[in-house]
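1. Take this sequence and fold it.
(2 chains)
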There are 2 protein chains.
Amino acid sequence: MKMRCFYILVLLLLSLQMRAQENLPFGERREIVSPEIHANNTVTFRLMAPNANNVTVTGDFLTQGKQNMTKDADGVWSCTTDPLPSELYTYSFVVDGLAMNDPNNVYYRRDVASTLNIFLIGNGQADLYKVNDVPHGTVTKRWYASPGNKMNRRITIYTPPGYENSSSSYPVLYLLHGMGGDEEAWMTLGRASQILDNLIATGKAEPMIMVMPNGNVAQEAAPGESSQGFYKPQFQLPHTMDGTYEKTFREIIDFVDAGYRTIPDKTGRAIAGLSMGGFHTLHISRYYPDTFDYMGLFSAAIMPNEKVQSPVYQNIEATLSGQKNNGYKLYWIAIGKDDFLYQANVDYRSKLDSIHFEYVYRESEGGHTWRNWRIYLTEFLPMLFK
Amino acid sequence: MKMRCFYILVLLLLSLQMRAQENLPFGERREIVSPEIHANNTVTFRLMAPNANNVTVTGDFLTQGKQNMTKDADGVWSCTTDPLPSELYTYSFVVDGLAMNDPNNVYYRRDVASTLNIFLIGNGQADLYKVNDVPHGTVTKRWYASPGNKMNRRITIYTPPGYENSSSSYPVLYLLHGMGGDEEAWMTLGRASQILDNLIATGKAEPMIMVMPNGNVAQEAAPGESSQGFYKPQFQLPHTMDGTYEKTFREIIDFVDAGYRTIPDKTGRAIAGLSMGGFHTLHISRYYPDTFDYMGLFSAAIMPNEKVQSPVYQNIEATLSGQKNNGYKLYWIAIGKDDFLYQANVDYRSKLDSIHFEYVYRESEGGHTWRNWRIYLTEFLPMLFK
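-> Numbers count the residues shown, from 1 in each chain, chains lettered A, B, ... in the order given. This is a model prediction of the structure:
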């Protein structure tokens, strides 16, 4: 069989498959592009839905509500947005009251149990979230032994461009997710490898190893990646904030120091996290004195539930004083004005002030969002290991 | 702020987010589980769509057509399948003529430009596709320099459990995708790392490195993973079968032999691929004489387009004879009875017979499907490096 024939047959098979999905008579299929990003940063969404009576688009590119779409003679609904600021956005369609994803967009991000389409508007902040034509680090999914949790656990590790062809040692950032997240979250929702690739390429960040563990000690790995199989992800898991993760975090540090060319002391270690991961950052950096020179609390939860009894959460003020006396380079606290944890962070800063514990405070617009956590990461990374 | 309050507030935020997606009055939300796999291997699908007039489910678990769903008093449509054979399946809903994904299932696989939900029925062949409680290999996404294609290119590399804590050398399988695929395809659609983890754990396959390159020389990386950004993937790309990939394949072998503890001779190398990847396997293994001891052609395309002029495709019979005379351990040809490339493979086997080129032939049910390619991989791996 000659290749031209092969092409034709495979294209035919593919057409039949697409036809099945779009439920149109063969030959009447029209190629739909959605979303289409225009040069002026407007976006056109399209959906072929000839039988629908009402179609709208909703997403975080709108300050509120939905944008109406209109139907053309082919049954294709469309609308075009206003020019949008540079950002990574999520959206979905609502067809006669039913939310659905865009069948013409293969780019998705899962956040806990929701999977939404994404698109990116460049020419600004979100250029840092793109895969650009720069040297790329290596991203590895591995499993480490966690005797403290009686399981093997999955972990994501980024090594910077050139790591494999060098004999140098590199500093390490431990980057922690929030509740409902896992070892995938900073990569998929946070664009962490793209951000670090781009900041290293422009000389704004030092080449470093970035370690993204799973902070839910009840699970081995992200949903679908463990022997629990394909289950519906849940926001809250057992033992997420009871001290177990902090107590067993040393296993992760030891695994990384044993398996990678690290700078295995506090000058070569940073730790940061969002929300629950900010909570973990606060308590891990106290609990392991003299282990980290750089701390980043992004929209951090602060204090444990009163009922939790763990040695990790005892003598908080004394251990903070110990951390202060040991010395460190940076303690960075970032939060949005509208974050529901804003007041908790005000109170925490008062506590730190009362013991003369130095920190750098960054207050942003907005609330408890990945948009802010990506921005915080782009600001935090350039301050490390200089 | 105390943690109980934190939980309540975050759960409230999450509820609001889910409410926005499901468009129901607050308080009327009902938790939907879909798909639900029952112990007898039947599956219940559910979709909340109170305004819909007709909802069906379609997918490769049905031999043909669609299965009707019925609506309950809450507006939740559901249906339950017959008991299903063990397999990894794809499906979607059709709501009043419009195909959509299941909003309650976060597990998807992209095949070219289509993204479909998946589910897995165990207790049989598909147990090999599960993440089981066995030691797991490491999966790495890296970039290698391809001077022959004037770009850096992304590649997926699996190293077996224990690789990092050993000083042994390992054999390498080069595993190639088909047209429309990329360096992600064998991992996402083919469940290659799960299959190899499971076969190594039971002693059926030797520990080996598995290298999954991108066979489309016009692209650096899978859609969304290169500086081309988020574009709609296309089935056919320029220069996929014109000899360029074969000519530059040595770059991949050299990269792997330089960066990993391999057995860098033919006794330690296998190559296999599906469809276009079977074509690449056929021609690469001829073009690099004495480089591979194991070849696997899965539903392979065979001969190039007559118009293609490349030294790679000259003297095919002579180079096959050379390959025969150099010796090899296994030349495995697998194809389904209904495959559109069936006759091309009959013709190719006749050609091989005419020059007394030994091969093992495996004919299966079915056609040009990932179901078959996963089965072929489970059968091919145990024959390697024994």
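2. pLDDT score assigned to the closest residue to A:Ala201 other than its chain neighbours?
-> Once flanking residues are discounted, A:Ala201 sits nearest to A:Val134: 3.6 Å by Cβ to Cβ, 6 or more residues apart in numbering or on different chains. C-beta: built from backbone N, CA, C; applies to glycine. Reported pLDDT at A:Val134 in the predicted model: 98.
3. Pop out the phi and psi values for A:Val134.
-> A:Val134 adopts backbone torsions of phi -130, psi 170, taken as degrees, to the nearest 10.
4. Over to A:Met295?
-> Residue torsions, per degrees, to the nearest 10, at A:Met295 are phi -120, psi 140.
5. That one: how many residues sit nearby?
-> Counted by other Cβ atoms under 10 Å in any protein chain shown, the residues lying close to A:Met295 total 26.
6. Identify the bridge partners of it.
-> With DSSP bridges as the criterion, A:Met295 is bridged to A:Ile271, A:Tyr331.
7. I figured it hits A:Arg286, correct?
-> No: contact between A:Met295 and A:Arg286 fails when scored by Cβ atoms under 8 Å: they sit 9.6 Å apart.
8. ok, back up a step: could I get the contacting residues of the residue nearest to A:Ala201?
-> Going by Cβ atoms under 8 Å, 6 or more residues apart in numbering or on different chains, A:Val134 touches A:Asp197, A:Asn198, A:Ile200, A:Ala201.
9. one more time with 7 Å
-> Contact partners of A:Val134, counting by Cβ atoms under 7 Å, 6 or more residues apart in numbering or on different chains, are A:Asp197, A:Asn198, A:Ala201.
10. do A:Lys66 as well
-> A:Thr56, A:Val57, A:Thr58, A:Val94.
11. Also A:Ala221?
-> A:Arg153, A:Arg154, A:Glu183, A:Asn214.
12. Over to A:Asp102?
-> Counting by Cβ under 7 Å, 6+ apart, A:Asp102 has contacts A:Ser34, A:Leu47, A:Phe93, A:Asn117.
13. Local confidence estimate at it?
-> With respect to pLDDT, A:Asp102 has a value of 98.
14. Also the one 10 residues further on?
-> In this model, A:Val112 is scored at 95, pLDDT.
15. Then A:Asp127?
-> Looking at A:Asp127, its pLDDT is 98.
16. how many other residues sit next to the nearest residue to it once chain neighbours are set aside?
-> Once flanking residues are discounted, A:Asp127 sits nearest to A:Ser86: 6.9 Å by Cβ to Cβ, 6+ apart. For A:Ser86, the neighbour count with other Cβ under 10 Å is 15.
17. so what's A:Ser86 up against?
-> A:Ile121, A:Gly122, A:Asn123, A:Gly124, A:Gln125, A:Ala126, A:Asp127.
18. can you rerun that using 6 Å?
-> Residues in contact with A:Ser86 (Cβ atoms under 6 Å, 6 or more residues apart in numbering or on different chains) are A:Ile121, A:Gly122, A:Asn123, A:Gly124, A:Gln125, A:Ala126.
19. repeat for A:Ile37
-> Each residue near A:Ile37 by Cβ under 6 Å, 6+ apart is listed here: A:Val43.
20. circling back to that earlier point, between the contacts of A:Ala221, which is nearest chain B?
-> For the contacts of A:Ala221, the residue nearest chain B by Cβ to the nearest Cβ is A:Arg154; the value is 7.7 Å.
21. Now do the contacts for that closest one.
-> Residues in contact with A:Arg154 (Cβ under 6 Å, 6+ apart) are A:Trp143, A:Glu183, A:Ala221, A:Glu225.
22. Widest-spaced pair of the contacts of A:Ala221?
-> Spatially, the most separated pair among the contacts of A:Ala221 is A:Arg153 and A:Glu183, at 8.3 Å (Cβ to Cβ).
23. list the residues that contact both of the two?
-> Common neighbours of A:Arg153 and A:Glu183 (Cβ under 6 Å, 6+ apart) are A:Asn214.
24. Domains in chain A, by residue range?
-> Domain segmentation of chain A under automatic domain parsing yields A:24-122, A:129-383.
25. looking at those, which is buried most?
-> Ranked by mean neighbour count under mean count of other Cβ atoms under 10 Å in any protein chain shown, those are led by domain A:129-383, which reaches a mean of 19.
26. Where does A:Ala39 sit, in terms of helix or strand?
-> Taking DSSP states H and E as the definition, one finds A:Ala39 inside no helix or strand.
27. Need phi/psi at it.
-> The phi/psi pair for A:Ala39 (degrees, to the nearest 10) reads phi -60, psi -30.
28. how much space between it and chain B?
-> Distance of A:Ala39 to chain B, computed by Cβ to the nearest Cβ, to the nearest Å: 14 Å.
29. show me the residues around that residue that make contact.
-> Here A:Ala39 is in contact with no residue (Cβ under 6 Å, 6+ apart).
30. So which bits of the stretch 251-386 of chain A are right by chain B?
-> Within reach of chain B by Cβ under 6 Å from any Cβ of the partner chain, the stretch 251-386 of chain A has these residues: A:Gly259, A:Ala301, A:Pro304, A:Asn305, A:Glu306, A:Phe340, A:Ala344.
31. Of those, which belong to helices?
-> Counting by DSSP state H, those place A:Gly259, A:Ala344 in helices.
32. Could you save the residues of the stretch 251-386 of chain A next to chain B as a markdown table and add columns showing pLDDT?
-> Formatted as a markdown table, those follow (pLDDT from 0 to 100):
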| residue | pLDDT |
| --- | --- |
| A:Gly259 | 97 |
| A:Ala301 | 98 |
| A:Pro304 | 92 |
| A:Asn305 | 89 |
| A:Glu306 | 87 |
| A:Phe340 | 97 |
| A:Ala344 | 98 |
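33. Can you add distance to B:Gly367 and give the residues of the stretch 251-386 of chain A next to chain B back as CSV?
-> Formatted as CSV, those follow (distance: Cβ to Cβ, whole Å):
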residue, distance to B:Gly367
A:Gly259, 44
A:Ala301, 53
A:Pro304, 57
A:Asn305, 57
A:Glu306, 62
A:Phe340, 54
A:Ala344, 59
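34. Please enumerate the helices of chain A.
-> Under DSSP H, chain A gives helices at A:3-22, A:185-188, A:192-201, A:244-259, A:276-287, A:316-326, A:342-354, A:370-380.
35. and of those helices, who's closest to B:Leu98?
-> Across those, closest to B:Leu98 is helix A:3-22 (Cβ to Cβ), at 8.6 Å.
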